[in-house]
Structure formats: structure tokens, C-alpha cells
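Participant: For reference, the sequence and a predicted model appear below.
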Amino acid sequence: MEWLWIIGGIAIIWFIGWASEKVDENKNLKSKNDSLQEANNQLSSKVSEWENYSADLDKKDEEISRKESLFQQLFKERTKNFPIVGQIWGDLSEIADSERARALQYKSRPALVAAKEVSAIKKEKRELIHEVVFWKYKAQNYEAIYPWLEEELSADIEDEVNSDIYYSVYTEKERIDPVTTLINPDDYRKLSVTQRNQLALDRYWQRGKRTKWMIGKMYERYIGYLYEKDGWDVQYFGIHKRFEDLGRDLIATKSNLVHVVQCKNWASFKTIYENHIFQLFGTTFSMRQSMPNKKVVPVLYTSTSVSKTAAEFARILGIEINENKKFENYPAIKCNISPVSKERIYHLPFDQQYDNVHITARTGESYAATVIDAESQGFRRAFRWHGTK
């Protein structure tokens with residue numbers, strides 16, 4: 001029996017040691033669980049931080065969009081508050097640069113040096129933007145006061161024939177004829193005069209690349225044709241004066257009535273604003289003072305539309321508006337009868353005296369669509385003018 005007591009004592013001692021070991025293991029597991037819980041809390045905090053950062057980025061993006069929208073509105077209205085616009089543009093740039101710098105810092109492999117470089121140039125860049133925008137809007141303010149500046153200063157240089165090739169293939173006598181700038185020497189020499197004149201006219205209409213000046217000139221001629229067709233006498237003031245036209249592209253006269261016409265052949269996405277209305281009214285007012293016995297009416301023809309504000313000003317100022325009047329091909333050959341010699345002469349659009357010739361309501365004068373039409377009515381091609389006979 002004694003040995004049973006010994007075995008029981010040993011078992012009890014073993015059990016106590018085992019239980020103590022299990023208690024220690026349980027404590028270790030609880031400690032690890034607490035550590036995992038803390039790590040999970042830290043992770044949740046980090047996730048929440050990134051979610052807040054993402055929300056902050058969304059707010060910044062909304063702020064950028066709002067300021068950009070405001071900037072575009074100010075740009076459209078051609079505000080005179082240049083420093084304010086410059087400040088807004090600078091703020092937009094600073095926000096964008098700040099976000100770029102933060103993105104470089106917080107990406108998976110932070111580019112801290114690059115982030116510092118981005119931040120370092122923000123101030124200098126912002127100052128430069130302020131200055132650039134100031135001068136940009138100052139220039140636009142000048143354009144608002146003198147609308148023709150934008151058109152004239154942005155006009156491309158007229159296409160020119162390569163002088164080396166041109167002078168090497170045409171003789172001096174041939175170069176007098178402007179047809180040589182539109183057709184090649186072989187066609188010029190093998191075709192009849194009628195055929196080569198018609199070919200040159202076809203090339204004139206087919207020419208793909210046209211300068212802004214040429215596009216504007218063709219539109220003025222087209223509107224002038226519509227007036228002359230209706231019996232008006234037309235002066236092509238804008239084509240001759242260019243910088244000095246003061247908004248008077250055409251001056252059309254019929255009896256006691258004078259139309260001061262401004263022509264704007266613009267792309268459909270562009271809009272005529274009130275500055276052009278004011279300029280047209282100003283030049284018309286000046287003409288009224290010099291022509292007290294005439295009824296002088298300002299008229300605007302444009303291939304696009306006018307803004308609501310411009311339309312309202314036009315109504316108040318008595319300006320006739322013709323919107324969305326697109327250019328169309330028309331019979332552009334001017335068939336003129338000399339009032340002195342009675343010679344019947346036709347002028348092609350590229351002839352030297354074309355814009356000086358007025359087609360009036362006198363019997364026999366007209367526009368022709370083709371060279372054959374003009375010649376069949378007894379008209380000959382105009383000679384090049386040299387100043388003296």
C-alpha cells in the first residue's frame with residue numbers, strides 16, 4: 001500500500017507542474033493576442049489615416065476644379081483684374097505641385113529628395129506664373145480695346161511661291177501674269193489663255209492652306225458680292241486699310257443709305273463678344289458725324305454667333321446682326337465696263353485691281369462664274385497695271 005501512496009504523490013506533483021506549464025502557455029498566448037490586437041488597432045488607424053488622406057485629396061481635387069472653373073470664367077470674360085487672375089493661377093499651380101510632392105513622399109518607395117526639389121521650385125514657379133498671367137491679360141485687355149489687334153497680329157504670312165524655282169522657270173514677261181503663281185509652266189505654255197485662266201481660278205478655289213488674312217479677305221469679298229448683287233455700291237475698306245480699317249470692312253451705299261459693315265469669318269466654336277459691337281458702333285458714330293445728310297447704319301456679318309450680352313448691346317445701339325452667315329463659293333469674276341473707254345474687262349480674284357473694281361447696277365456689268373461666261377459676254381482679261389501706260 002505504501003508504494004501506492006508514493007505513486008499517487010508523484011502523480012500529483014507531475015499534475016501540478018503540468019498545470020503550471022499550461023497556465024504559463026495560456027499567459028503567453030494572451031500576451032501574443034494582446035500584441036496582435038494592438039497591431040490590428042495600429043493598422044486600422046493607418047487605414048483610417050490613408051482614408052482621410054484620400055478624402056483630403058478628393059477635396060483638393062474639387063478645390064482645383066472649382067478654381068479652374070472660376071479661372072475659365074474670368075478668362076472668358078477677359079477680366080481686367082490681372083493680379084487676381086494671376087493669384088488664382090498661382091494657387092492652382094501650388095496645389096498641384098504640393099500634391100505631387102506629397103505623392104512622392106508617401107508612395108511605396110518614397111522619393112524624398114525629389115519631393116524636396118519639387119517643393120523648392122514652387123515659390124519661384126508661382127511668381128513667374130503671376131508675371132506671365134499679368135502680361136497675358138494685359139495683352140488681352142489691349143485686344144479688347146482694339147479687337148482688330150488679335151486678328152492682325154495672329155495672321156499668318158501669306159503663302160509665297162518659292163522664289164528660286166519661280167524665277168528660274170518663268171520668264172520676266174510671264175511673271176507679270178499672276179496666273180503663273182497658281183499653275184505650273186507646262187500648263188501655262190501649252191493651254192490656251194482661256195483654259196489657263198480658268199485652271200488658275202479653279203486652283204484659287206481649291207487651295208487647301210489659306211492664311212487667316214486670306215480667309216477674312218475672301219469673306220469680305222463674298223459679303224461685298226451680296227451687296228453689289230442687290231444694287232449697292234461697295235468700298236472694300238478693310239482689304240485696303242488693314243490695320244487702319246477701324247472695324248469698317250465694307251462701306252456699302254445705296255441712295256441716301258450707308259451700311260458700315262464689319263465681317264467676321266470665325267470658326268464655329270468662337271463667339272463674338274461686346275467689344276466688337278462697341279468698336280463697330282464707335283466707327284459708325286464717327287462716320288455719322290462726317291456724313292450728316294446720310295442715314296448710316298452699322299451692320300455685322302459673322303460666320304459664327306454673338307454672345308447674349310453682345311446681342312443685347314447691338315439691339316440697344318441699333319446694330320444689325322447677321323449671325324451664322326457662312327462663306328459660299330460665288331461667281332467671283334468681276335465683269336466691269338470702263339465708264340470712259342467703255343472697254344469690257346474681267347478681273348479674276350488674284351488680279352491686281354480686283355478690289356478696286358466696283359460692280360454697280362449699270363447695264364452690262366455683272367459677276368461671272370467661269371472665264372468662258374465672262375468672255376462669251378465680250379469681256380477680256382485685265383492687263384497688269386504698271387502705274388503708267
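Facilitator: That came through fine. Residues are numbered from 1 along each chain as shown.
Participant: which residues in this protein form strands?
Facilitator: Secondary structure of the chain, counting by DSSP state E: strands at 233-235, 250-254, 257-264, 271-272, 295-302, 305-306, 320-322, 333-337, 344-347, 366-368, 380-381.
Participant: List just the one of those that sits closest to I176.
Facilitator: strand 380-381 (12.2 Å; C-beta to C-beta). All C-beta atoms are positioned from the backbone trio N, CA, C, and that covers glycine.
Participant: by contact count, what packs against that closest one?
Facilitator: Helices and strands touching strand 380-381, by 3 or more C-beta pairs under 8 Å, 6 or more residues apart in numbering; DSSP states H and E, are strand 344-347.
Participant: and the strands of the chain as TSV, adding mean neighbour count, mean pLDDT and distance to V169?
Facilitator: Listed next are the strands of the chain as TSV, based on neighbours: other C-beta atoms under 10 Å; pLDDT from 0 to 100; distance: least, C-beta to C-beta, whole Å:
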stretch	mean neighbour count	mean pLDDT	distance to V169
strand 233-235	19	91	38
strand 250-254	19	93	38
strand 257-264	22	94	37
strand 271-272	18	90	45
strand 295-302	20	95	41
strand 305-306	20	94	47
strand 320-322	15	96	45
strand 333-337	23	94	27
strand 344-347	20	94	26
strand 366-368	18	93	30
strand 380-381	16	94	22
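Participant: and of the ones you listed, who's closest to H358?
Facilitator: strand 233-235 (5.9 Å).
Participant: who touches the closest one?
Facilitator: The contact list for strand 233-235 (C-beta atoms under 8 Å, 6 or more residues apart in numbering) reads 224, 227-228, 250-254, 358, 360.
Participant: Can you report how many residues neighbour R203?
Facilitator: 15 (other C-beta atoms under 10 Å).
Participant: actually S44, sorry about that
Facilitator: 10.
Participant: what does the model give it for pLDDT?
Facilitator: As predicted, S44 sits at a pLDDT of 76.
Participant: Same question for the one 4 residues further on.
Facilitator: According to the prediction, S48 has pLDDT 77.
Participant: Please tell me how far the residue lying closest to F350 once chain neighbours are set aside sits from D355.
Facilitator: Using C-beta to C-beta, 6 or more residues apart in numbering and skipping the chain neighbours, the partner closest in space to F350 is P178 (4.8 Å). From P178 over to D355 the distance is 13 Å, taken as C-beta to C-beta, to the nearest Å.
Participant: ditto for S31
Facilitator: S31 is 99 Å from D355, by C-beta to C-beta.
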